[in-house]
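Visitor: Sequence first, predicted coordinates after that:
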Amino acid sequence: MESIFSLAVTNLISPVILSFVLGVVAAAARSDLTVPEAVAKGMSIYLLFAIGFKGGVAVANNGVDAQLVLTLLAGILLSALLPFIAFAVLRTVSSLTRVDAAAVAAHYGSISIVTFVAATSVIDAAGLAAEGFMVAVAATMEAPAILSALWLVSVGPKRSPGEARVDPMLAREILLNGSIVLLLGSFLIGAITGADGLAKIESFIVSPFQGVLCLFLLDMGLVAGRGLTESRGNLSGPVFLFGALMPLIGASAGAAAGLLIGLSTGGMTLLMVLAASSSYIAVPAAMRVALPEARPSIYLTLSLGVTFPFNLTLGIPLYLAVAMALSGGA
Amino acid sequence: MESIFSLAVTNLISPVILSFVLGVVAAAARSDLTVPEAVAKGMSIYLLFAIGFKGGVAVANNGVDAQLVLTLLAGILLSALLPFIAFAVLRTVSSLTRVDAAAVAAHYGSISIVTFVAATSVIDAAGLAAEGFMVAVAATMEAPAILSALWLVSVGPKRSPGEARVDPMLAREILLNGSIVLLLGSFLIGAITGADGLAKIESFIVSPFQGVLCLFLLDMGLVAGRGLTESRGNLSGPVFLFGALMPLIGASAGAAAGLLIGLSTGGMTLLMVLAASSSYIAVPAAMRVALPEARPSIYLTLSLGVTFPFNLTLGIPLYLAVAMALSGGA
Amino acid sequence: MESIFSLAVTNLISPVILSFVLGVVAAAARSDLTVPEAVAKGMSIYLLFAIGFKGGVAVANNGVDAQLVLTLLAGILLSALLPFIAFAVLRTVSSLTRVDAAAVAAHYGSISIVTFVAATSVIDAAGLAAEGFMVAVAATMEAPAILSALWLVSVGPKRSPGEARVDPMLAREILLNGSIVLLLGSFLIGAITGADGLAKIESFIVSPFQGVLCLFLLDMGLVAGRGLTESRGNLSGPVFLFGALMPLIGASAGAAAGLLIGLSTGGMTLLMVLAASSSYIAVPAAMRVALPEARPSIYLTLSLGVTFPFNLTLGIPLYLAVAMALSGGA
Amino acid sequence: METYSAKRVAIIIEQVMQSRLLDALDSAGVKGYSVLPVLGGSGRSGQWLRDGQVTRGTGMVQVICVVRPEQLEALQDAAFAHIEHHMGIVTISDVEVLRSARTSSN
Amino acid sequence: METYSAKRVAIIIEQVMQSRLLDALDSAGVKGYSVLPVLGGSGRSGQWLRDGQVTRGTGMVQVICVVRPEQLEALQDAAFAHIEHHMGIVTISDVEVLRSARTSSN
Amino acid sequence: METYSAKRVAIIIEQVMQSRLLDALDSAGVKGYSVLPVLGGSGRSGQWLRDGQVTRGTGMVQVICVVRPEQLEALQDAAFAHIEHHMGIVTISDVEVLRSARTSSN
Ligand SMILES: Nc1ncnc2c1ncn2[C@@H]1O[C@H](COP(=O)(O)O)[C@@H](O)[C@H]1O
Ligand SMILES: Nc1ncnc2c1ncn2[C@@H]1O[C@H](COP(=O)(O)O)[C@@H](O)[C@H]1O
Ligand SMILES: Nc1ncnc2c1ncn2[C@@H]1O[C@H](COP(=O)(O)O)[C@@H](O)[C@H]1O
Ligand code: NA
Ligand code: NA
Ligand code: NA
């Protein structure tokens, strides 16, 4: 079994992570380096399409079994329940208002697909494979956390402003947001076209994948670095710490679920990563609509400025090492 | 000879077509999935450059003969004459005004380069090759249809508004529109640099081609799906049907021309596709300038929402099967 | 030794240069072909990242020696001193004001990274290799010229408007401009991850490189062509000539420095190219801030419309031939 | 040239609220509007910039409606619910609208 | 600070007509204008959105001209031919223009 | 609906000067502004277009500030130093600002 330390070092000096670091450093130095919004969005479309498609092909190759259903269920439960833990922790250790705490909690039940993508490439590099259906699990974990958080707000004392409920328009925006549709859609395309389909577009979605991920993480580093530079002051000490501790709680829950279901080492790692990661695209948008009085400078800075870098650099290798130890494997 | 049916199925379950379907479904479900305009334009530049270049290299390898001139001539004639048929059909079966009918007719004389690109990849997949000069034919077929349509309007009763003529500025916009210049330009570059040039940029313009086409058609599906969802109400039954029947008329004319000239199976398929396809970029823009009172909600919805999907899914394999039968081939 | 002539011809009929020519021709014909700004910026990020990374890997493979320091020093000196020559020439042969002449001079001390990129691919094609640290040299040559030019202005007669000095904000903008940070950052990433890192992202940064360069130069051709079409009238004959002669002066100085340091044939070529090329991104922006009364229609048209095409088409093969002759090489 | 007096209402609002606001305008009978991009800004809730900022994707847009004075009240009522608890600013100014052949037939 | 009174003319017009309109402005002696992007909108001819809509590529832009009051008539005449049969809207409002050293020398 | 009177200042300025101008506004106590993209234009220093033009990357932006009338002087003074020797134009107009629950608490 490889040591956690060597895994962490291998991860940290990969081009992918160093590109992220470059972005953070450039932002901290206040360089004017930016990736145009359209290009960043184009790269994220590419990454989602590629990862969904490859997951679908893997399912086409290996067939579907009860594990798929169980893991989907586990994912939904993790997404729905983790916000309660997050909320309880935040209300205990910090002075965040009920609404701010609930909004933050929603982010931690939900997931970061980029962290997921980065984890798959670490797993690949470690010579492991994960269940192809994990991308479908990722897609189902975006929404439940939002409902939990809104429920947490609605049982609190009556508020005058805002809505704190999911109207049909918001429901559609959450369930059919672009990332979910693209991820599930390309997963289905991969599952339908299988190995033949992959052969046709392999040199587009497989070979350049790592390189695109580098440039995408460069941009993420710039964005996270700027967020952190500007808004760090909005995070109190305990809230800041929460950003690095909550992932560990999530990952532990993910590991437990993975053990119960009997996922492979790679699959368990990915479930840990999903549980440990926090949203910074879909959930913030939903919070602006449903909880406008919650402060983005708190939930966004925490999720993107603290938890994302933590998972990317230290979290992923740690989760992989734990998954290896638990599954006694590889 | 492969059956039409199996060709159609192979086409329909390819990643390229399924990506288009994903786009249409996402649009119909009103997902907020979008491809940024700049990225879509970037991909279309890539596709035009690649297809033009490869066509040029093919011509460099095989040399030029009388067929090139004949096929160019056939293309110009098809583009100029098909609007008259389209116009006659529309005025007979629908209640469109003279101006609306002429505007629609212009679209069907002209061509859709994306349909052409998709057809080349179906031909490739069928193990066939087409004459490299077909991209030059495609480029010459954009403009003549516009002149025919404006003539159809000018011989009608006098109208007060608009211009219905081609001033020098419009002429330049039509003849030197970006797509034509890029297609012909890269065709020439390919013809000049030949196999050596191709070797240098092969891993850019050949290997990832299918994959880029997937993402591009995902976007086309989104755009076509949104157009159809919103504007279907503007199309009467007969007009809607016209959108699926006119391609068959065009394809028949293309097949006849191809037989006369003696094109290869692949070349005949492409000429059918060009005649069957309708413009949704260059011609709409020209119509807004020259025939502002014609309604985009009719010509654009028909061309992009009906004919484009029809050709992409059913038309191309059908035309290929017919071309195979006619040329007694493959 | 290959003749200058055959080198020039090989360069001129490469897809890369022909794409540039296509852009110039399309612009001159007033076609509406454009590459979206975001896509152009995305491609430049790709090219900078790729070239920086590859340079870093080369340094990792070959180690660092005194030559690195000497060449950096030479680059800084060239950048700082060439503006004085440029200024003297301009004030002698043209009627440009002191401020305009100084602004132009700043451009010629600084560098064009795209010219550098194009040169590396010509060197590659010639089967030569260059010192990997040349990208670091390129990065250090952007700034010194600006200081020299501002000094030239400040010693002139007192002016009422503008600032003509480098405040801390401008200093940061110059030293930490996006291109420099990306180039140096990816250089470091390449140096750290070495051959292992390269293996991971080779099919992204190496294989498609030439193809991306084609599309990027297509855009540069459009931009340069439009600039020249519109603003040629602003350049008097002597100023126009300066745009083709100053590169030769710069290249000579670069060759002398390269000989003194004992660079390889490829390295000497690149140093000549850097000295010969002129900025059209970083320096114009700095000039707008520090010398607002200098006319962009002069310095930008000259640098982008005259010198850039000159170097790209004739300059690079010429410098390569000279470097071969001087280093008695290849 | 003939013109008529109208009100120009400019609403700078969070992008996530755009479709809700436009639906509300529609229901209130406001059928003419344009949406313009906003690159960045500053207000009571701090600074933001679209390119390369933490809030990217949660930016703002500007919705411009030119309405007849008698429609202003309805527009304000319709928009208000969506603006009230959200970031942004609404300004109203007087403009003259040029009557074209097409406009006057309306 | 010194200012002078002027008219601000905002023309929302189809992108395909942009270069024709700008040429006409030029010929009419209107040498100052700015072109702004429009992401989407709604009017008598229905709704459109730039990103992912059927009419992409056939969108609209906003041309803003700040002119001295005495130039307004010429501007309107020049623009009218190009606006008449096309989608869009033209508004005119009063503004004060800040005189800078550069402007006043004009 | 309650409104209050304000001044809308629109500054079209070179992009390279944007951060300097915003810093100056900030120092002058102007905390509310929005930055809008400009695609192209024409003025005393000639024509330019963002897409595919020689000056790409050195384009212009429009900064819009809605301020209370008493802040106008401070804004103008702050902005002036940065505008004086640069390309662009500054216009000022009267607007009404809609008071929302949030605004009125300010
Ligand atoms: N006074 C103002 N002038 C111009 N834009 C403003 C103003 N106040 C707010 N904005 C815009 O509205 C956004 C949100 O404002 P706020 O709700 O005050 O945080 C800001 O980021 C600006 O883009
Ligand atoms: N009253 C209005 N207020 C703001 N924008 C408008 C208005 N009317 C039309 N527009 C813009 O002009 C475009 C074309 O309008 P129309 O010619 O009425 O279809 C619309 O899609 C809007 O972008
Ligand atoms: N009168 C005007 N109306 C609208 N925009 C203007 C005007 N004058 C200048 N501009 C804008 O400001 C830029 C620089 O103007 P100038 O400093 O006059 O060259 C122009 O390219 C336009 O974008
Ligand atoms: Na999570
Ligand atoms: Na056709
Ligand atoms: Na130089």
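Guide: Arrived safely. Numbers count the residues shown, from 1 in each chain, chains lettered A, B, ... in the order given. Ligands and ions are numbered 1, 2, ... in the order given.
Visitor: Determine the three-state secondary structure at the spatially most central residue of chain D.
Guide: By C-alpha atoms, centre = their mean, the mean C-alpha position of chain D lies nearest to D:Val63, the distance being 2.8 Å. Assigned with DSSP: H, G, I helix; E, B strand; the rest coil, D:Val63 falls in the strand class.
Visitor: could you measure the nearest residue to A:Leu82 once chain neighbours are set aside against A:Ala199, distance?
Guide: Using C-beta to C-beta, 6 or more residues apart in numbering or on different chains and skipping residues adjacent in sequence, the residue nearest A:Leu82 is A:Gly109, 4.3 Å away. Backbone N, C-alpha and C define where each C-beta goes, glycine included. Using C-beta to C-beta, to the nearest Å, one gets 38 Å for the distance from A:Gly109 to A:Ala199.
Visitor: So between these two, which is more surrounded?
Guide: Counted by other C-beta atoms under 10 Å in any protein chain shown, A:Gly109 and A:Ala199 do not tie: A:Gly109 has more neighbours, with 30 against 12.
Visitor: Flag the shaky bits of chain A, pLDDT-wise.
Guide: Scanning chain A with the threshold set as pLDDT under 70 gives A:1-2, A:158-165, A:329-330.
Visitor: Point me to the residue of it nearest chain B.
Guide: A:Phe204 (2.2 Å; C-beta to the nearest C-beta).
Visitor: and the residue of the stretch 151-300 of chain A nearest chain E?
Guide: Proximity to chain E, evaluated over the stretch 151-300 of chain A using C-beta to the nearest C-beta, is greatest for A:Gly178 at 10.0 Å.
Visitor: So what does that residue have for phi and psi?
Guide: Backbone torsions of A:Gly178, given as degrees, to the nearest 10, read phi -50, psi -40.
Visitor: now it: how far from ligand 1?
Guide: Plainly put, A:Gly178 is 24 Å away from ligand 1 if you go by C-beta to the nearest ligand atom, to the nearest Å.
Visitor: The residue nearest the centre of chain A: what's its closest spatial neighbour, skipping adjacent residues?
Guide: The geometric centre of chain A, computed from its C-alpha atoms, lies nearest to A:Ser112 (C-alpha atoms, centre = their mean), at 1.8 Å. Distances taken as C-beta to C-beta, 6+ apart place A:Ser277 nearest to A:Ser112, at 3.9 Å, with adjacent residues excluded.
Visitor: neighbours around that neighbour, how many?
Guide: Neighbours of A:Ser277 (other C-beta under 10 Å): 33.
Visitor: And A:Val39, how close does it get to chain E?
Guide: Between A:Val39 and chain E the distance is 15 Å, computed by C-beta to the nearest C-beta, to the nearest Å.
Visitor: Distance of that residue relative to chain D?
Guide: 10 Å.
Visitor: what does A:Phe20 give?
Guide: The gap separating A:Phe20 from chain D is 14 Å, by C-beta to the nearest C-beta.
Visitor: contacting residues for the residue of chain D found nearest ligand 2?
Guide: Among the residues of chain D, D:Gly32 lies nearest to ligand 2; the distance is 2.5 Å by C-beta to the nearest ligand atom. Contacts here follow C-beta atoms under 8 Å, 6 or more residues apart in numbering or on different chains; on that basis D:Gly32 touches D:Cys65, D:Val66, D:Val67, E:Gly41, E:Ser42, E:Gly43, E:Arg44, E:Ile89.
Visitor: Taking those residues, please make a ChimeraX selection of just the buried ones.
Guide: Written as a ChimeraX command, the selection of buried residues from the contacts of D:Gly32, which uses 16 or more other C-beta atoms under 10 Å in any protein chain shown, is:
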select /D:65,66,67 /E:41,42,43,89
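Visitor: okay, the contacts of D:Gly32 in TSV with distance to ligand 1 next?
Guide: Output for the contacts of D:Gly32, formatted as TSV (distance: C-beta to the nearest ligand atom, whole Å):
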residue	distance to ligand 1
D:Cys65	17
D:Val66	19
D:Val67	21
E:Gly41	20
E:Ser42	22
E:Gly43	25
E:Arg44	30
E:Ile89	23
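Visitor: Out of the contacts of D:Gly32, the closest to C:Ile281 would be?
Guide: Lowest distance from C:Ile281 to the contacts of D:Gly32 (C-beta to C-beta) belongs to E:Gly41, with 34.3 Å.
Visitor: Is the closest one part of a helix or strand, or is it coil?
Guide: Classified using three-state DSSP, E:Gly41 is strand.
Visitor: quick one on the thing from earlier: could you measure the residue nearest to A:Leu82 against B:Asn11, distance?
Guide: 42 Å.
Visitor: Kindly report the same for A:Leu304.
Guide: Counting by C-beta to C-beta, the separation of A:Leu304 from B:Asn11 is 43 Å.
Visitor: about what we covered before: how about the residue of the stretch 151-300 of chain A closest to chain E, what does it touch?
Guide: Contact partners of A:Gly178, counting by C-beta under 8 Å, 6+ apart, are B:Ala26, B:Ser31, B:Asp32, B:Leu33, B:Thr34.
Visitor: Among the residues you listed, name the ones in helices.
Guide: Secondary structure assignment by DSSP state H places B:Ala26 of these in helices.
Visitor: Which of the contacts of A:Gly178 sits closest to C:Leu241?
Guide: For the contacts of A:Gly178, with C:Leu241 as the reference and C-beta to C-beta as the criterion, the closest is B:Thr34, at 49.8 Å.
Visitor: Understood, closing this out.
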